[in-house]
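# Below are the sequence and a predicted model; questions follow.
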Amino acid sequence: MKVVLIIGGAVSGSTAARKLTENGVRCVIVDQNRLPYGKIEDGLPRWHEKQRLSEYSKIDEVMAHDLVDFIPLTKVGDHINFEEIYDMNWSCVYFANGAWRDRLFPIKGVEEFSNFYYQNPFVYWFNHYHEDDYNGPEVVIQDDILVVGGGLASIDVCKITQLELVKEKIQSRVKNVDVIDMEHKGIPRYLEEHNIDYNSLGIKGTTLIYRRDIENMPLTTIPFDAKPEMVEKRRQARRKILNKTQEKFLFNVLECIQPIALNIVEGNLEGLEIIKNKIVDNQPIPIDDSNQILKGNIVISSIGSLPEPIDGLPMNGSTYDIIDEDSGKFNNLDKVHGMGNAITGKGNIKASRVSAKTVGDLTIDLIQDIDSESLEHIDGKIKKWQSRSSYNGNYFEWKSKK
């Protein structure tokens, strides 16, 4: 029998498991959370409710499959060490554990300031701060916000800050301000329905700082083999997407700008020193003597996420040591592959699903049957791991419990 271990059950892990079970392969899925939703649950802002529920349903269907053994509340590197699972003679091991660690901001010392935030805890705060039992990271929203990054996740951060700034200004005039309704309608329309002019609120707002030009911002994908006509069309589409989003949420964008230092005044972080870039062959090149100070009361880093290091798993700097991104093959490890955000770093659902399908297509023929002794050993480990989390093997019964 073929038995595959999948670390992480969210988009990429469940996508791979779906393909494998369709081909009669048994899958053991280990997830660090109680339910295997990953960044769908805590990475997407809470207005994505329809998309979130749709993805939950797809994942639930996989977890409840007869050929799937789900192991919740179990983190490789903490509850199970990598050497233990690597020595268990699986048919294959897939790392689909996502990217939960924010890339370090490129200027040292910024974490010391209370008005600096990384994207992941910031979005988590937005998704949960309204809950009665919330005890996570705290964020104090102040006007005049700088968001450093680019791409869809950075735009989501800008939307959150703008929605929260408007909410703060109008909550004394509008009963039960609904930021989700405001997101669906857009700020101008929402305010118009309440006879409020945005300009009258005195909001300085949010500024997104991006080191390249908008045409290089990854708002749409461009296939590596795309013809020049398609490349140019996609590049122009990126600017249109951003313009429409700005019209709806009223944030500013500074392109070809890069932070190089902190603006610290009397021990307080009051913005960033930035330098302008020129774009040469799609790469940002700093322009000499273009330095200036950009004031801001909050700085949010949205420059991407990285996978968490795991003892025994090869690293190449701050990322996993993958020698072939298409197949996700780890360097110097047999039958171990990565997929999804763990190797793409793109942090979006579509990219994760595409990665999982690609890795699955390229590796499924490599998956071989394991011997009965190895199978017996794996079955024993599954029971032990599930017992540790009190999981009884009935996925939907487990999900229904609070």
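Right, received. Where do you want to start?
# Can you tell me the closest non-neighbouring residue to residue 242?
Take residue 242 and drop its neighbours on the chain: the residue closest to it by C-beta to C-beta, 6 or more residues apart in numbering is residue 214, 5.6 Å away. (Glycine included, C-beta is placed from N, CA and C.)
# Can you get me a residue count around that neighbour?
Close neighbours of residue 214, defined as other C-beta atoms under 10 Å, add up to 19.
# ok, now which ones touch it?
By C-beta atoms under 8 Å, 6 or more residues apart in numbering, residue 214 lies in contact with 238, 239, 242, 253, 255.
# and if you look at residue 89?
Applying C-beta under 8 Å, 6+ apart to residue 89 gives the contacts 370, 371, 374, 377, 378.
# Of the residues you listed, which count as buried by neighbour count?
Applying 16 or more other C-beta atoms under 10 Å to the contacts of residue 89, the neighbour count classes 370, 374, 378 as buried.
# close enough to count as contact, the first one and residue 3?
In other words, residue 370. Yes - Residue 370 is in contact with residue 3 according to C-beta atoms under 8 Å; the separation is 5.9 Å.
# where do the contact lists of the two overlap?
Here residue 370 and residue 3 have 90, 91, 378 as joint contacts, going by C-beta under 8 Å, 6+ apart.
# And the strands in the stretch 1-150 of the chain?
Along the stretch 1-150 of the chain, the stretches classed as strands by DSSP state E, counting those that start in this stretch are 3-7, 26-30, 68-71, 92-95, 101-102, 116-118, 145-149.
# Going by mean pLDDT, which of the ones you listed comes out lowest?
Confidence, taken as mean pLDDT, is least for strand 101-102 of the strands of the stretch 1-150 of the chain (a mean of 90).
# can you give me the offset of that strand from its chain's centre?
Centroid separation for strand 101-102 versus its chain: 9 Å, with C-alpha atoms, centre = their mean, to the nearest Å.
# Pairing partners for it, with directions?
Partners of strand 101-102 in the sheet, by DSSP bridges, are strand 305-306 (antiparallel).
# after the strand it pairs with comes which helix or strand?
Using DSSP states H and E, the helix or strand that follows strand 305-306 in sequence is strand 315-316.
# Check which element follows that next one along the chain.
For strand 315-316, the succeeding helix or strand toward the C-terminus, using DSSP H and E, is strand 319-320.
# Does anything pack onto that following strand? Which helices or strands?
Counting contacts by 3 or more C-beta pairs under 8 Å, 6 or more residues apart in numbering; DSSP states H and E, strand 319-320 packs against helix 341-344.
# quick one: the residue nearest to residue 137 when sequence neighbours are not counted from residue 128, how far?
Leaving aside its sequence neighbours, residue 137 sits nearest to residue 121 (C-beta to C-beta, 6+ apart; 4.3 Å). Distance, residue 121 to residue 128, by C-beta to C-beta, to the nearest Å: 11 Å.
# what do these two both touch?
Residues touching both residue 121 and residue 128 by C-beta under 8 Å, 6+ apart: residue 136.
# burial count for the spatially closest residue to residue 134 that is not a sequence neighbour?
Of all residues not flanking residue 134 in the chain, residue 128 sits nearest, at 5.0 Å (C-beta to C-beta, 6+ apart). When neighbours are counted by other C-beta under 10 Å, residue 128 registers 15.
# what does residue 208 give?
If you count neighbours by other C-beta under 10 Å, residue 208 ends up with 26.
# same question, residue 226
Neighbourhood size, residue 226 [other C-beta under 10 Å]: 13.
# what's it in contact with, if anything?
Shown in contact with residue 226 (C-beta under 8 Å, 6+ apart): residue 234.
# Wait, residue 125 touches residue 138, no?
Yes - between residue 125 and residue 138 there is a contact at 7.0 Å, judged by C-beta under 8 Å.
# Am I right that residue 159 sits in a helix?
Yes - under DSSP: H, G, I helix; E, B strand; the rest coil, residue 159 falls within a helix.
# Now tell me which helix or strand of the protein has the poorest mean pLDDT.
Ranked by mean pLDDT, DSSP states H and E, the helix or strand of the chain with the weakest confidence is helix 341-344, at a mean of 83.
# What is it packed up against?
For helix 341-344, the packing partners by 3+ C-beta pairs under 8 Å, 6+ apart come out as strand 319-320, helix 349-363.
# let's see 7 Å
When contacts are defined as 3 or more C-beta pairs under 7 Å, 6 or more residues apart in numbering; DSSP states H and E, helix 341-344 sits against helix 349-363.
# CA atoms only for the helix it packs on, dumped as CSV, please.
In CSV, the C-alpha atoms belonging to helix 349-363 read as follows (Å, rounded to 0.1, in the frame of the first residue of the first chain):
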residue,chain,number,x,y,z
ILE,A,349,-4.7,30.6,-2.5
LYS,A,350,-4.3,30.2,-6.3
ALA,A,351,-0.5,30.0,-6.1
SER,A,352,-0.7,27.4,-3.4
ARG,A,353,-3.2,25.3,-5.3
VAL,A,354,-1.2,25.5,-8.5
SER,A,355,2.0,24.5,-6.7
ALA,A,356,0.3,21.5,-5.1
LYS,A,357,-1.1,20.3,-8.4
THR,A,358,2.3,20.7,-10.1
VAL,A,359,4.2,18.9,-7.3
GLY,A,360,1.5,16.2,-7.3
ASP,A,361,1.7,15.6,-11.0
LEU,A,362,5.5,15.4,-11.0
THR,A,363,5.8,13.1,-8.0
